[in-house]
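>>> Here's a sequence, model it:
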Amino acid sequence: MENVNQQLTHWQRQVAADPHNATAWFNLGWWSNKAGLFTQAVKAYERSLACGLSDPEEAISNLASVYSERLANPAAAAQWLDRALDTYPNYYPAVFNRAHLAEQTGDRELACQLFARAATLSPDDPYALARLVEADPTLTLDSAAGRKLEELAGNNPDVLMALYRLRERAGDHASAWGSLVQANEADKVKQPAWPGAQWRSLILDQLQSNLPSAATDSPEGDAPVFILGMFRTGSTLLEQILAAHPRFNPLGESEFWPREIHALGGGMIKPGRRPDASEQMEIKSRWREHLVDRRASKEVRVTDKRPDNLFHIATILDVLPEAKIIVTERDWRDTLVSVYGTRLHPQHGYATEPMAIAQHIALCRQVADFWVEALPDKIRKVSYEALVDDPESTLRALFAWLDEDWDPACLDFHTLDNSVRTASVWQVREPLGSSRKGRWRSYEEPLREIFNSVLDEPLPPVFSV
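Residues are numbered from 1 along each chain as shown. Have a look, this model is predicted:
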């Protein structure tokens, strides 16, 4: 972070000395984005273009990325990318990013068209083709895309994951599992060992520290809602359901709290130190600025859907004691298969090994159980299975707990065209259904070789620390 601040200072001085220096403005935009100063990054990139930046396509692409990924403004991102494509129709980053944006907003036809075009522009890079497989449910192994992926497979995790999806789509679950294993083994080589036991011990020990104080200064009706828990348990689905309610504005997987936790010495699942009273006020001020950047209206409540915030509940409630927290849970076996079949960020080192995934699911449940028991008025669980089996009753109870009226529009969440930036991007564009319940049974044979009779248990195995 020190180097980022040094670079920021340097380029701020450069643009102050020469306000017409397009390259200096571009670099200020790049480092501002790196520092989390997203509004400043947008202004700097726009200024670089206004100053006549040579080869402006990179600045335009970066600018669109900030609007889309950081400021939740897909309309502005689309405008900039369309402008880039009008001038540079074969600029691969703009084509791919526009496809990615169409995917995020649920425009399947445009996403498929542009991912296919990106794959044509870069035929030896299979990533766009792999993304096309996710966007187009009609593709098969016998399609041109399927044949090309098999040709490029090698030991490429993206290609292997795409082949897993195509083989699962064809009902060949044995071959699909083989592709999954190969993809995860390839990823595992590049990732550091997952210090599961070390983190479990630290996290469970820290749960015994002082609980956050109760809310005293904010009206309950305006309280932000945090949706968290284990990955692939329905958190994106639940946020989309709330987004269909007029009282809620989704922030998605906001980067705000991970940045604050890092500044407090923590990490993805490693809790940082608890902020003192002065730091709490500073973080709350930055939170309010973050909501302004994300164009969150004061008339609605925001939802922040970041699964790993499960490990930072104490810090969140220290700063925002009025917050409500929802923990999503799902059958551990379905969760395991879904995690194993998703290329999570390398920091999720557990995600490449079924036994490590099961251990992490168990840890998430232990943490969630502690908080629900300790603060039942602030923290509540929602079951994925209950949500899909009896959505209206489950949601009515949840909205009552949130002190909000029920709105039947929530059941039409799949018609929204807002931006979704998670691995569930296409699933949440479909109505609620039970097709993904019990999915683990398609892979029962290899799972039973790993877990034996434990596979029949409704809860994941709890491993000793």
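>>> all helices of the stretch 51-200 of the chain, in order?
57-65, 74-87, 92-104, 108-121, 127-135, 144-152, 157-169, 173-190, 196-206 (DSSP state H, counting those that start in this stretch).
>>> Packing partners of the helix or strand following the last one?
Towards the C-terminus, the helix or strand next in line after helix 196-206, according to DSSP states H and E, is strand 225-229. Using 3 or more Cβ pairs under 8 Å, 6 or more residues apart in numbering; DSSP states H and E as the contact definition, the elements that strand 225-229 packs against are helix 235-243, strand 301-305, strand 324-329. The C-beta positions use only the backbone N, C-alpha and C, and glycine is treated the same way.
>>> any idea of the angle the longest one forms with strand 301-305?
Here the directions of helix 235-243 and strand 301-305 differ by 170 degrees (axes from the mean of the first three to the mean of the last three Cα atoms, to 10 degrees).
>>> Remind me what helix 235-243 packs against, helices and strands.
Helix 235-243 packs on strand 225-229, strand 248-250, strand 301-305, strand 324-329, helix 384-389, going by 3+ Cβ pairs under 8 Å, 6+ apart.
>>> I'd like those written out as TSV, with mean pLDDT and distance to residue 20 added.
As requested, the helices and strands packed on helix 235-243 are arranged in TSV below (pLDDT from 0 to 100; distance: least, Cβ to Cβ, whole Å):
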stretch	mean pLDDT	distance to residue 20
strand 225-229	97	45
strand 248-250	94	39
strand 301-305	96	39
strand 324-329	98	49
helix 384-389	95	55
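>>> Ranking the ones you listed by mean neighbour count, which comes first?
strand 225-229 (a mean of 26; mean count of other Cβ atoms under 10 Å).
>>> ok, back up a step: including distance to residue 277, could the helices and strands packed on helix 235-243 go into TSV?
Shown next, in TSV, are the helices and strands packed on helix 235-243 (distance: least, Cβ to Cβ, whole Å):
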stretch	distance to residue 277
strand 225-229	21
strand 248-250	29
strand 301-305	23
strand 324-329	22
helix 384-389	38
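>>> Run the chain-centre distance for the helix or strand of the chain with the lowest mean pLDDT.
When the helices and strands of the chain are scored by mean pLDDT, DSSP states H and E, helix 196-206 comes last with a mean of 79. Per Cα atoms, centre = their mean, to the nearest Å, the displacement of helix 196-206 from the mean C-alpha position of its chain is 24 Å.
>>> Enumerate the positions of it that are buried.
Neighbour counts over helix 196-206 (16 or more other Cβ atoms under 10 Å) mark 196, 199-200, 203 as buried.
>>> tally of neighbours for residue 209?
Neighbour count of residue 209, defined by other Cβ atoms under 10 Å: 9.
>>> ugh, typo on my part, it should be residue 223
Under the criterion other Cβ under 10 Å, the count of neighbours that residue 223 has is 20.
>>> Is it correct that it is in contact with residue 324?
Yes: between residue 223 and residue 324 there is a contact under Cβ atoms under 8 Å: 5.3 Å.
>>> about what we covered before: just send the helices of the stretch 51-200 of the chain back as a markdown table, with distance to residue 245 too.
Listed next are the helices of the stretch 51-200 of the chain as a markdown table, based on distance: least, Cβ to Cβ, whole Å:
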| stretch | distance to residue 245 |
| --- | --- |
| helix 57-65 | 29 |
| helix 74-87 | 20 |
| helix 92-104 | 21 |
| helix 108-121 | 25 |
| helix 127-135 | 28 |
| helix 144-152 | 38 |
| helix 157-169 | 32 |
| helix 173-190 | 36 |
| helix 196-206 | 33 |
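>>> if we can go back for a sec, for residue 137, which of the helices and strands packed on helix 235-243 is the nearest?
Using Cβ to Cβ as the measure, helix 384-389 is the one of the helices and strands packed on helix 235-243 that comes nearest residue 137, at 19.3 Å.
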